[in-house]
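Engineer: sequence unavailable; structure follows:
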């Protein structure tokens, strides 16, 4: 499926998402949000053949090195935690990072994905625990704390553009 085939659906979903986020903080007009979203999609339109591959998004992920990950976290266990069967990961927004004196690092933030089956933006709150093992936990949520639509759209545009440039073409193909 070519990006242009669903570009308008993604654009509409992103506009709705941003308007919902702005409704909590206020201070931004609908016209301003529409302008930001439209400008982002003008940028994406410059590479009409680039792609973002659909993925499955899991409630939890674990990485313990090549040798141990699948032994500790086999597919049948991992597959029980699917949040989105077929989605496009559009961006990650980090909120805070914490560490203690035992080399454990805790990072929290958000993933923004477009669910191809539900045809809407999904906001996922994420917490990453890392030491020798990296564990990611995600849960669907409604709001990004301290949401600033201008910063959000600039950052999201940069992340999507980077993905598109890395992939060379915007083809939204079948789920893997």
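Structural biologist: Received the coordinates, thanks. These numbers were taken from a predicted model, which means no experiment stands behind them.
Engineer: across the sheet, point out what pairs with residue 108.
Structural biologist: As for beta bridges, residue 108 partners with residue 96, residue 127 under DSSP bridges.
Engineer: and it, how far from residue 163?
Structural biologist: Per C-beta to C-beta, to the nearest Å, residue 108 is found 22 Å from residue 163. Placement of C-beta: from N, CA and C, glycine included.
Engineer: those two: who's more crowded?
Structural biologist: Between residue 108 and residue 163, counted using other C-beta atoms under 10 Å, the more crowded position is residue 163 (18 against 15).
Engineer: tell me the SS of that one?
Structural biologist: Classification of residue 163 using DSSP: H, G, I helix; E, B strand; the rest coil returns helix.
Engineer: surely it meets residue 52?
Structural biologist: Yes. Under the criterion of C-beta atoms under 8 Å, residue 163 makes contact with residue 52 at 5.4 Å.
Engineer: and the helix or strand of the chain with the lowest mean pLDDT, what other elements does it pack with?
Structural biologist: In the chain, the helix or strand scored least confidently by mean pLDDT, DSSP states H and E is helix 75-78, which has a mean of 73. With contacts defined as 3 or more C-beta pairs under 8 Å, 6 or more residues apart in numbering; DSSP states H and E, helix 75-78 has these neighbours: strand 60-63.
Engineer: what does the strand it packs on contact?
Structural biologist: The contact list for strand 60-63, computed with C-beta atoms under 8 Å, 6 or more residues apart in numbering, reads 69, 72-73, 78, 81, 133-138.
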